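1. Quick one: sequence plus predicted model below, questions after.
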Amino acid sequence: MKKILIGVTGGIAAYKAASVVSALRQAGHDVQVAMTPAACQFVTPLTFAALSQKEVRTELFPAHPTSDKGQLYPHLYPATEADLFVVLPATADIIGKFACGFSDDIVSASALSLPAGCKKIFCPAMNTQMWDNPVVQENVQTLEKRGWQRIGPESGLMACGTTGAGRMSDPSAILDAIHKALA
Ligand SMILES: Cc1cc2nc3c(=O)[nH]c(=O)nc-3n(C[C@H](O)[C@H](O)[C@H](O)COP(=O)(O)O)c2cc1C
């Protein structure tokens, strides 16, 4: 049983993260989901709470924090105890924030708090022109140089109706990579 922190960010592929969370939970892992405010526009935290059987982290400053350490210090818990951090989908925005060390949402703050041995996977998903943008490509390379493992994106028909690179990899491919990273 591993402690897996899943970061969900605001892309149309956010719904695909649900099947990954479900499969990891069914495999017996301790799965905690954190979502950016933008991700909550696409899928409700309730979906991930039900699948992970845990409260979903969405805020750095909960309105009424309990004595639970994840509520008092959401930027540190569960991130500082994670064995694996997976971000899916990874927006252009969150990739840039990771590359620059920003921490003004729960997912980017968690990324800064991971222990040294924590494996880090990101699964980019975005429009082809966004993906091809030099600043996005530079940020992706920065993460890879820092030890992040990238899964995808794939080429194909995009939600916005165009065809090209930028589709998030299938959940099955992401799960394969997760299982290899945990082996
Ligand atoms: C309908 C819609 C779909 C979007 N899909 C994507 C996407 O697939 N990838 C992406 O990088 N941004 C996408 N965006 C833009 C992001 O939601 C926006 O950049 C947001 O600030 C990302 O915030 P986050 O990285 O904190 O989740 C989309 C926006 C809308 C309105």
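-> Looks like it came in fine.

2. In contact with residue 99: list those residues for me.
-> By C-beta atoms under 8 Å, 6 or more residues apart in numbering, the contact set of residue 99 is 138-139, 142-143. In short, each C-beta sits where N, CA and C put it, glycine included.

3. what's the farthest-apart pair in these?
-> 138 and 143 (10.1 Å; C-beta to C-beta).

4. Looking at those two, which one has more neighbours?
-> Between residue 138 and residue 143, residue 143 has the larger neighbour count (other C-beta atoms under 10 Å), namely 21 against 12.

5. does that one really touch residue 97, like I thought?
-> No. Using C-beta atoms under 8 Å, residue 143 is not in contact with residue 97, being 10.7 Å away.

6. Give me the nearest residue to residue 159, chain neighbours excluded.
-> Leaving aside its chain neighbours, residue 159 sits nearest to residue 12 (4.5 Å; criterion: C-beta to C-beta, 6 or more residues apart in numbering).

7. Could you give the number of residues near the one you found?
-> Neighbourhood size, residue 12 [other C-beta under 10 Å]: 15.

8. And for residue 1?
-> Each residue near residue 1 was counted by other C-beta under 10 Å, and the total is 8.

9. That one and residue 24, how far apart?
-> Computed as C-beta to C-beta, to the nearest Å, the residue 1 to residue 24 distance reads 10 Å.

10. Phi and psi next, for the most centrally placed residue in the chain.
-> Centroid-nearest residue in the chain: residue 87, 1.8 Å away (criterion: C-alpha atoms, centre = their mean). Backbone torsions for residue 87, taken as degrees, to the nearest 10, come to phi -110, psi 110.

11. how far away is it from residue 132?
-> Counting by C-beta to C-beta, the gap from residue 87 to residue 132 is 20 Å.

12. now swap in residue 142 and tell me
-> Distance from residue 142 to residue 132, by C-beta to C-beta: 17 Å.

13. do residue 9 as well
-> When distance is defined by C-beta to C-beta, residue 9 is 19 Å away from residue 132.

14. Those two: who's more crowded?
-> residue 9 (30 against 13).

15. So that one sits against residue 90, correct?
-> Yes. In terms of C-beta under 8 Å, residue 9 counts as a neighbour of residue 90; the distance is 6.1 Å.

16. Please, which helix or strand holds the residue of the chain positioned farthest from its centre?
-> Within the chain, the residue lying farthest from the chain centre (C-alpha atoms, centre = their mean) is residue 67, at 25.7 Å. If you go by DSSP states H and E, residue 67 is not part of any helix or strand.
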